[in-house]
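Novice: Whatever this is, show me its structure:
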Amino acid sequence: MNPLHVGIAGAGLAGRSLAWRLLRAGCRVSLFGARQRGALDTASMTAAAMLSPLAELAVSDEAVFALGRRSMALWPRWIDELAEGGSAPVYFRQQGTLVVAHAPDQSSLDHFSRLLHHKLPATCQAQVQKLDAAALAAKEPALAGRFNGGLFLESEGQLANDQWMAALALEIDRLGGAWHEGRAVERVEEGCIVCADGTHVVDVAVDARGVGSQAQWPASNPLRGVRGEVLRVECPGVDLQRPVRLMHPRYALYVAPRPGHQFVVGATELESEDTGPVTLRSMLELGSALYSLHPAFGEARILRLSAALRPALDDHRPAVALQGGVWHINGLYRHGYLCAPALVDELAHRLLGIGRTEAT
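Specialist: Numbering: from 1, shown residues only. Alright, predicted model coming up:
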């Protein structure tokens with residue numbers, strides 16, 4: 001019997017991860033990406049890849065929280081499985097997240113804490129721990145003397161999204177996936193992927209194009225792009241062990257450490273589908289908030305500024321759906337790396353009856 005041939009439109013986080021899982025299961029996969037595999041101006045690359053089901057519950061709902069918890073169980077296994085193919089290790093840490101606020105913004109931190117305790121299931125309440133200044137300094141010595149206290153969110157994590165995406169590309173090649181780079185998809189139909197150069201016939205078609213799927217998404221729950229901007233810096237003068245969120249009345253800065261004293265910094269979330277470069281205002285806000293976290297960041301070297309559109313639905317929940325004979329995975333919004341493994345695992349299960357071993 002010939003292996004199932006799956007065509008996937010979109011080579012971002014969801015499409016690339018799904019291609020890898022299906023190739024491991026013995027499928028034949030054709031992957032179509034509008035950009036080259038190393039492009040940096042994508043939603044998958046414009047992210048801090050913070051794995052924060054607890055923190056994100058404050059701005060999401062129980063559905064995203066459940067997906068995040070399932071994904072947290074999948075990430076370590078997936079990273080180990082990816083390494084089996086001989087790819088370079090992917091930076092992954094699960095040492096919790098700190099949430100802090102300067103004294104004038106303490107009310108924002110208090111509100112965040114109350115919101116979390118209100119929304120968290122009773123079985124998860126103990127994972128949110130209040131820290132005084134001494135306990136905060138013990139957790140994160142670089143912040144000693146800078147804050148009166150904060151919150152520690154246990155078991156949250158992060159990974160290096162650039163390393164993950166690069167390793168997936170190598171493994172897809174090794175497993176024999178057919179990768180059509182720089183091939184914009186015009187539409188996805190049952191049993192085929194339609195590009196400018198012709199129609200590619202497949203057994204199963206999957207649309208994972210993010211904002212590029214707008215024209216084929218149902219109007220009852222419209223798909224839109226939400227602009228996100230990220231700053232990447234290098235600063236040998238600061239050594240953080242885990243991601244830090246800095247509360248502020250207007251935005252919440254997050255700083256995710258990476259190897260080599262690099263840091264991914266983000267905060268902006270704009271209801272705009274503008275795809276232009278990062279604005280001066282956003283740069284100043286990100287930089288000044290980062291400097292307020294630790295003054296040594298004033299000497300940080302800016303490595304990259306990037307902006308991209310994150311696909312969002314009106315209910316802000318990611319979705320896996322079968323519509324008109326085409327499978328869709330979309331709406332990952334700001335929760336891409338948090339929810340992608342659970343969503344991809346669910347879709348692989350529906351296609352082949354594999355995965356979802358952590359669902360119970």
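
Novice: now for the host helix or strand of E269, which elements pack on it?
Specialist: Secondary structure assignment for E269, by DSSP states H and E: strand 262-270. Judged by 3 or more Cβ pairs under 8 Å, 6 or more residues apart in numbering; DSSP states H and E, the packing partners of strand 262-270 are strand 223-234, strand 253-258, helix 280-293. Backbone N, C-alpha and C define where each C-beta goes, glycine included.

Novice: List the contacts of it.
Specialist: Strand 262-270 is contacted by residues 47-49, 226-235, 238, 240, 251-258, 282, 285-286, 289-290, 297, 300, 303, 334 when judged by Cβ atoms under 8 Å, 6 or more residues apart in numbering.

Novice: What strands flank that strand, and is each parallel or antiparallel?
Specialist: strand 223-234 (antiparallel), strand 253-258 (antiparallel) (DSSP bridges).

Novice: Generate a ChimeraX selection restricted to the buried subset of the contacts of strand 262-270.
Specialist: Burial among the contacts of strand 262-270 is assessed by 16 or more other Cβ atoms under 10 Å; the matching ChimeraX selection reads:
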select :47,48,49,226,227,228,229,230,231,232,233,235,238,240,251,252,253,254,255,256,257,258,282,285,286,289,290,297,300,334
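
Novice: and the angle from the strand holding E269 to helix 280-293?
Specialist: 130 degrees (axes from the mean of the first three to the mean of the last three Cα atoms, to 10 degrees).

Novice: Show me the shaky parts of the stretch 151-300 of the chain.
Specialist: Within the stretch 151-300 of the chain, no stretch has pLDDT under 70.

Novice: Tell me which stretches of the stretch 1-150 of the chain form helices.
Specialist: 13-24, 53-56, 62-84, 106-119, 133-139 (DSSP state H, counting those that start in this stretch).

Novice: Of the ones you listed, which is nearest D162?
Specialist: Among the helices of the stretch 1-150 of the chain, the nearest to D162 by Cβ to Cβ is helix 13-24 (11.5 Å).

Novice: Excluding chain neighbours, what is closest to L246?
Specialist: Spatial nearest neighbour of L246, chain neighbours left out: L253 (4.2 Å); criterion: Cβ to Cβ, 6 or more residues apart in numbering.

Novice: wait, isn't that neighbour in contact with Y291?
Specialist: No - counting by Cβ atoms under 8 Å, L253 stays clear of Y291, with 10.5 Å between them.

Novice: what comes into contact with stretch 102-120?
Specialist: Residues from elsewhere that reach stretch 102-120 (Cβ under 8 Å, 6+ apart): 54-55, 57-58, 62, 65, 99-101, 125, 127-128, 130, 147-148, 150-151, 246-249, 292.

Novice: Please flag which of these sit within strands.
Specialist: Those of those mapping onto strands are V99, V100, V128, K130, G150, L151, L246, per DSSP state E.

Novice: Enumerate every residue touching the closest residue to G287 other than its chain neighbours.
Specialist: In this structure, G287 finds its nearest non-sequential neighbour in L231, 7.2 Å apart by Cβ to Cβ, 6+ apart. Going by Cβ under 8 Å, 6+ apart, L231 touches V264, V265, G266, V278, M283, L286, G287, L290, I302, R304, L305.

Novice: sorry, back to before: buried deepest among the helices of the stretch 1-150 of the chain, which one?
Specialist: helix 13-24 (a mean of 26; mean count of other Cβ atoms under 10 Å).

Novice: Give the other helices and strands that it contacts.
Specialist: On a contact count with 3+ Cβ pairs under 8 Å, 6+ apart, helix 13-24 meets strand 5-9, strand 28-32, helix 161-174, strand 326-330, helix 336-352.
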